[in-house]
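Visitor: No sequence on hand, only this structure:
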């Protein structure tokens with residue numbers, strides 16, 4: 001976890017994402033790359049054309065308003081980054097040129113989602129805060145980043161995290177997405193004080209099979225000298241994510257590792273109910289990999 005990309009949208013939740021990136025990156029002397037992508041002029045014009053149909057304003061008025069809005073978000077992203085940097089510098093949290101966390105900010109002009117996806121492919125992890133529905137990096141946009149970048153994405157909830165990775169819960173299913181997520185999280189898992197494998201039986205069947213699967217993964221992880229325990233839990237499919245998060249909270253987890261499951265390869269946004277619930281309502285940071 002040496003290279004961590006933080007998606008900065010110019011909204012208050014950026015502060016939570018930066019703090020999460022620091023907490024994850026500190027043990028690895030990581031470099032944090034705070035990136036804000038301001039929409040290029042042509043994209044602003046295209047958005048203005050769409051807005052014009054829904055308002056009584058002229059296209060020029062809409063363009064000017066969107067340009068001002070974009071500039072304001074860019075300034076806010078830089079302000080939040082500078083505040084984060086100042087606070088961490090005051091606490092002597094950043095290291096020298098030879099060791100310790102390093103952080104840089106850059107603002108680019110282009111297509112926010114496409115450019116974030118491109119930059120993320122060169123990072124070990126992508127971090128973003130959970131945004132309001134109207135903000136940049138909404139759930140659908142985060143889904144596009146997650147599917148397009150091929151990297152683990154850490155989604156941070158609305159509150160600032162105090163710790164990440166001391167106690168990690170794995171949302172385990174015998175599926176490729178879950179296996180990839182566990183592999184991507186190994187640098188964190190090997191440093192955790194405790195790892196909990198949670199396997200949910202979603203079809204009202206015998207929990208013995210999912211418990212056995214959880215125990216199997218736990219046995220494999222223990223070979224890496226990871227302190228790990230396993231639980232099989234029964235839940236209805238529509239409530240599986242809530243049950244898992246509740247159990248993770250009960251056991252003191254400060255991070256959930258999960259595969260991101262989609263129903264269709266034809267569309268990037270069709271995530272299942274379990275993944276969508278983790279993305280929209282989980283109160284614990286979630287590390288997702290598609």
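Guide: Arrived safely. Bear in mind that the values here come from a model prediction, so they are computed numbers and not experimental data.

Visitor: CA only for contacts and neighbour counts going forward, please
Guide: Will do.

Visitor: Which stretches in the chain count as strands?
Guide: Taking DSSP state E to define them, one finds strands in the chain at 3-7, 31-39, 102-110, 125-129, 153-156, 167-172, 194-201, 228-234, 255-259, 286-289.

Visitor: Could you list the low-pLDDT ranges of the stretch 51-200 of the chain?
Guide: For the stretch 51-200 of the chain, residues meeting the criterion pLDDT under 70 lie at 51-59, 62-63, 92-99, 132-136.

Visitor: The same query, at a cut-off of 90, please.
Guide: Along the stretch 51-200 of the chain, segments meeting pLDDT under 90 span 51-70, 87-101, 130-144, 158.

Visitor: Domain boundaries for the protein, per the record?
Guide: 3-156, 167-289 (automatic domain parsing).

Visitor: In TSV: those, plus mean neighbour count.
Guide: Shown next, in TSV, are the domains of the chain (neighbours: other C-alpha atoms under 10 Å):
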stretch	mean neighbour count
domain 3-156	19
domain 167-289	19
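
Visitor: Distance to residue 66 added to the strands of the chain, as a markdown table?
Guide: Listed next are these as a markdown table, based on distance: least, C-alpha to C-alpha, whole Å:
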| stretch | distance to residue 66 |
| --- | --- |
| strand 3-7 | 20 |
| strand 31-39 | 10 |
| strand 102-110 | 14 |
| strand 125-129 | 23 |
| strand 153-156 | 27 |
| strand 167-172 | 41 |
| strand 194-201 | 45 |
| strand 228-234 | 48 |
| strand 255-259 | 36 |
| strand 286-289 | 32 |
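
Visitor: Looking at these, which is nearest to residue 83?
Guide: strand 102-110 (11.9 Å; C-alpha to C-alpha).

Visitor: Apart from its neighbours in sequence, what residue is nearest residue 248?
Guide: Counting by C-alpha to C-alpha, 6 or more residues apart in numbering, residue 248 lies nearest to residue 169, which is 6.1 Å off, once chain neighbours are set aside.

Visitor: Now residue 160, what are its backbone angles?
Guide: Per-residue torsions, residue 160: phi -70, psi 130 (degrees, to the nearest 10).

Visitor: Mind jotting down where the helices sit in the chain?
Guide: 14-25, 41-54, 59-90, 112-120, 139-149, 176-184, 186-189, 207-222, 240-250, 273-281 (DSSP state H).

Visitor: still on that earlier bit, just checking, the residue nearest to residue 248 touches residue 247?
Guide: No. Residue 169 is beyond contact range of residue 247, at 9.1 Å (criterion: C-alpha atoms under 8 Å).

Visitor: so which of the strands of the chain gets nearest residue 215?
Guide: With C-alpha to C-alpha as the criterion, residue 215 lies closest to strand 228-234 of those, at 5.4 Å.

Visitor: so what strands line up beside that closest one?
Guide: Strand 228-234 has the following sheet partners, assigned by DSSP bridges: strand 194-201 (parallel).

Visitor: Make a markdown table from the helices of the chain and add distance to residue 160 to it.
Guide: Compiled in a markdown table, the helices of the chain are given as follows (distance: least, C-alpha to C-alpha, whole Å):
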| stretch | distance to residue 160 |
| --- | --- |
| helix 14-25 | 5 |
| helix 41-54 | 32 |
| helix 59-90 | 12 |
| helix 112-120 | 23 |
| helix 139-149 | 19 |
| helix 176-184 | 23 |
| helix 186-189 | 19 |
| helix 207-222 | 29 |
| helix 240-250 | 16 |
| helix 273-281 | 15 |
